[in-house]
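S.K.: Requesting a structural model of the entry that follows:
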Amino acid sequence: MKIGVIPAAGGTQRLPRIIGITKAKELLYTGDFIDAQEAYRLNLVNKVVPVDKLMEAAKELARKLMNNPPLSVKFAKRAVNAGMQLDLASALEYEAFCAAIVVSSEDRVEGFKAFVEKRKPVYKGR
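M.R.: So this is what the prediction gives:
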């Protein structure tokens with residue numbers, strides 16, 4: 001804003017959906033910067049960590065994600081991203097479509113089998 005542009009590439013559309021229209025307008029119109037704690041309070045970031053712990057925290061999150069079945073992560077991501085662009089009824093229908101794909105996967109079978117056998121699952125992304 002302060003240099004004569006607007007935050008394109010979806011900035012004017014995504015920000016109000018995340019933090020609400022009133023606060024988004026304030027930030028968009030003023031061009032004010034916010035600190036990490038305010039970004040956390042507004043749900044723009046999930047966690048605030050000291051700079052020297054940033055890579056450690058990022059790697060821990062990556063490890064958590066990597067331990068989950070890739071198809072489940074992929075289709076959960078698709079369901080959320082596509083669903084946010086749809087009305088609720090259509091989003092629920094798309095979610096059911098994604099769930100049907102995942103429930104018939106080899107990874108789902110492996111996940112259930114590993115749970116019953118009390119072992120760590122080995123996912124293949126199929």
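S.K.: C-alpha only now, for contacts and for neighbours.
M.R.: Will do.
S.K.: Please name every helix or strand in contact with the helix or strand bottoming out on mean pLDDT in the chain.
M.R.: Across the helices and strands of the chain, mean confidence by mean pLDDT, DSSP states H and E is lowest for helix 11-19: a mean of 90. The helices and strands touching helix 11-19, judged by 3 or more Cα pairs under 8 Å, 6 or more residues apart in numbering; DSSP states H and E, are helix 21-30.
S.K.: mind listing what's buried in the helix it packs on?
M.R.: The neighbour-count check on helix 21-30 (16 or more other Cα atoms under 10 Å) flags 24, 27-28 as buried.
S.K.: of those, closest to residue 50?
M.R.: residue 27 (24.4 Å; Cα to Cα).
S.K.: Find the nearest non-adjacent residue to that closest one, please.
M.R.: Counting by Cα to Cα, 6 or more residues apart in numbering, residue 33 is the residue found nearest to residue 27 once chain neighbours are left out, at 7.7 Å.
S.K.: Show residues contacting the least confident helix or strand of the chain.
M.R.: 6, 21-25, 28, 42-44 (Cα atoms under 8 Å, 6 or more residues apart in numbering).
S.K.: Find the pair from those with maximum spatial separation.
M.R.: 6 and 43 (21.3 Å).
S.K.: pretty sure residue 121 contacts residue 109?
M.R.: No - the criterion here is Cα atoms under 8 Å, and residue 121 misses it with residue 109 at 9.8 Å.
S.K.: of the two, who's got more company?
M.R.: residue 121 (19 against 15; other Cα atoms under 10 Å).
S.K.: Noted, bye for now.
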